[in-house]
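Peer 1: just need the structure, nothing else, for what follows:
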Amino acid sequence: MAKAQTPTTTTRGRRVELQGEVVANKMQKTISVLVYRTIKHDKYGKYVKKSSIIKAHDEKQEAKVGDTVVIFETRPLSKTKRWALANVVNATK
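Peer 2: You can find the predicted model right below:
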């Protein structure tokens with residue numbers, strides 16, 4: 001009977017990332033990010049643009065209102081925070 005080989009390094013899978021615009025940064029270490037997505041309508045087949053506001057953790061408080069940022073999914077940090085800031089793509093002046 002052969003033993004099953006276990007991998008020496010574990011992979012965590014693909015990291016989910018979204019890009020959006022910061023709409024609020026008044027909370028401490030938290031930003032609100034507006035993210036757009038397109039979904040296909042079930043009945044008519046037309047693509048519809050939907051938006052969501054997602055709360056993300058900003059440890060260094062570097063994102064400002066109007067910045068374009070990349071956020072990634074993480075463990076639950078609070079009741080509403082499940083995302084964290086990866087980097088700022090375009091900073092406003």
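
Peer 1: tell me the bridge partners for residue 21.
Peer 2: When bridges are called by DSSP bridges, residue 21 pairs up with residue 34, residue 68.

Peer 1: all helices of the protein, in order?
Peer 2: Using DSSP state H, no helices are found in the chain.

Peer 1: low pLDDT regions in this structure?
Peer 2: By pLDDT under 70, the low-scoring segments of the chain are 1-11.

Peer 1: strands of that one, residue ranges please.
Peer 2: 17-27, 30-40, 47-57, 68-73, 83-90 (DSSP state E).

Peer 1: can you redo these as JSON lines with mean neighbour count?
Peer 2: Any C-beta I mention is one placed from the backbone N, CA and C, and that applies to glycine too. JSON lines is the format used below for the strands of the chain (neighbours: other CB atoms under 10 Å):
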{"stretch": "strand 17-27", "mean neighbour count": "16"}
{"stretch": "strand 30-40", "mean neighbour count": "15"}
{"stretch": "strand 47-57", "mean neighbour count": "13"}
{"stretch": "strand 68-73", "mean neighbour count": "18"}
{"stretch": "strand 83-90", "mean neighbour count": "15"}
